[in-house]
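Undergrad: give me the fold of what follows.
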Amino acid sequence: MNTRQYGNCLMAALGVLLAGLVLTGCGKFGKAGGPPQRPAPEVAVVTVQPERISIAAELAGRVSAFLIAEVRPQVSGIIQRRLFDEGADVKAGDLLYQIDPAFYEAAHASAKASLARAEANVPPIQLKAERYKELVDIKAVSQQNYDDITAALKQSEAELGIARAAMETARINLAYTGITAPISGRIGKSAVTIGALATAHQAVPFTTIQQLDPVYVDAPQSSANLLRLKRNMASGNLKRGDEYQAKVRLILEDGTPYPLEGTLKFSDVTVDPSTSSFIFRTIFPNPDHTLLPGMYVRAVIEEGLNEQALLVPQQGISRDPKGNAVAMLVNGSDKAEQRAVKVDRAIGNKWLVTDGLKPGDRVIIEGIQKVKPGATVKVVPLDAGRKDSPGAVQKTPPAAEAK
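TA: Next up, the predicted model:
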């Protein structure tokens, strides 16, 4: 056998061998019944159940003083003394500033002397008028003389009234040289020093006193939220009991809760057209002066009770390209199903769902990125060991526990 014949035989043998291998593989492939199937993706779910929760609105607000008094002089003069410490607590009537009283003391003394002169002029004229009245009856004096003395008596009495008014004015002006606190509270910094000129009723106040216990918290509320609240009340979704009326809690700037509870004072009756909001005014006790005017806080106002609230962990709700809220569920056939839902607000780490879900629905919490609507899934327990897992805040669904 030459070389060419040997090569042809070798190629034929290799062809037969390869054909046998292919037939063997096809036999095995046919026995398997098709390509290997991928296992169903595993997902963790929570079973939605109605809960009884308290609904509250969290509003940003500012603290303002309960009372504010700007201290201004009522008379002009040079300031002789300042009798308070800046930032201290003062009581109503405490002396704050003393204006030089010399001019007003002199005016008071002059008014006092004028009053004494007016008082001394009245009795003689009054006695003369009484005598003329008797004489005119017997025609001993003329009627004209009696009329003149009567007019003189009235004039002297009017002068007495003027003197008394001037005396009172001088006394008031003298008293105003001592500037006192109109209210009790904490006093601010002084805008004037000793030796400065005080001008009566000047525009710039000497200082300001603020009453800090209690304090107001003013928080704007959207008029749309008010309409929603009224609608929920009318439909019965929210119930308001006596224990939930006018309750207000406070969260400070650093996120810590304020220990004392406040009450709703009033809500404004006019909506601001520029912001479409109105003001909620609440009042809080402030014995330790923790709350200061101008401080930013968050007021949590109790709105009512929802007896059949459906809460879903926030990772179970996503948004479609149009921004609408959707949830991925596992139906009775263990298939994924996407459903449009409506959410009202976030409560802790959950969404309050108002439409689209019903009690008993199983919402996918973990593994949602691995499934598509209509795909068969395998429900597994939540990973309770992970802190960021829904299992850390939700109980494992009954279906998962059974597995």
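
Undergrad: in the sheet, who's paired with Ile68?
TA: Beta-bridge partners recorded for Ile68 (DSSP bridges): Gln210.

Undergrad: an error on my part: the question was meant for Gln338.
TA: As for beta bridges, Gln338 partners with Met328 under DSSP bridges.

Undergrad: pretty sure it is in contact with Asn324, am I right?
TA: No: if you go by CB atoms under 8 Å, Gln338 and Asn324 don't touch, sitting 11.1 Å apart. C-beta coordinates here come from the backbone N, C-alpha and C atoms, glycine included.

Undergrad: between the two, which is the more surrounded one?
TA: With neighbours defined as other CB atoms under 10 Å, Gln338 and Asn324 compare such that Gln338 has more, 16 against 11.

Undergrad: distance check, that one against Val377.
TA: Plainly put, Gln338 is 13 Å away from Val377 if you go by CB to CB, to the nearest Å.

Undergrad: likewise Ala40?
TA: 6 Å.

Undergrad: got any residues that touch both of the two?
TA: Common contacts of Ala40 and Val377 (CB atoms under 8 Å, 6 or more residues apart in numbering): Asp334.

Undergrad: okay, the two: which has more neighbours?
TA: Neighbour tally, Ala40 and Val377, criterion other CB under 10 Å: the higher count belongs to Val377, 22 against 15.

Undergrad: SS state for the residue nearest to the more buried one when sequence neighbours are not counted?
TA: Of all residues not flanking Val377 in the chain, Val43 sits nearest, at 4.9 Å (CB to CB, 6 or more residues apart in numbering). Assigned by DSSP: H, G, I helix; E, B strand; the rest coil, the conformation of Val43 is strand.

Undergrad: touching, Val43 and Leu382? I think so.
TA: No: counting by CB under 8 Å, Val43 sits too far from Leu382 to count as a contact (10.1 Å).

Undergrad: what do those two both touch?
TA: Residues touching both Val43 and Leu382 by CB under 8 Å, 6+ apart: Ile365, Glu366.

Undergrad: so where's the stretch 301-403 of the chain uncertain?
TA: Within the stretch 301-403 of the chain, the stretches with pLDDT under 70 are 383-403.

Undergrad: which stretches of it form strands?
TA: 317-319, 325-330, 336-340, 342-347, 350-355, 362-366, 378-379 (DSSP state E, counting those that start in this stretch).

Undergrad: nearest to Ala116, of those?
TA: Shortest distance between Ala116 and the strands of the stretch 301-403 of the chain, using CB to CB, is found for strand 342-347: 77.6 Å.

Undergrad: and the closest one, which strands flank it?
TA: Here strand 342-347 is paired, per DSSP bridges, with strand 350-355 (antiparallel).

Undergrad: identify the residues contacting the partner strand?
TA: The contact list for strand 350-355 (CB under 8 Å, 6+ apart) reads 48, 53, 55, 237, 306, 309-314, 316-317, 325, 327, 341-346.

Undergrad: let's see that with 7 Å instead.
TA: For strand 350-355, contacts defined as CB atoms under 7 Å, 6 or more residues apart in numbering pick out Ala309, Leu310, Leu311, Val312, Pro313, Gln314, Ile317, Val341, Lys342, Val343, Asp344, Arg345.

Undergrad: which of those residues tops the neighbour count?
TA: Highest neighbour count within the contacts of strand 350-355, by other CB under 10 Å: Val312, with 24 neighbours.

Undergrad: test my guess that it contacts Asp361.
TA: No: at 9.1 Å, Val312 and Asp361 do not qualify as touching, with contact defined as CB atoms under 7 Å.

Undergrad: shared neighbours, those two?
TA: Val48.

Undergrad: so where does Gly93 fall, helix or strand?
TA: Using DSSP states H and E, Gly93 falls within no helix or strand.
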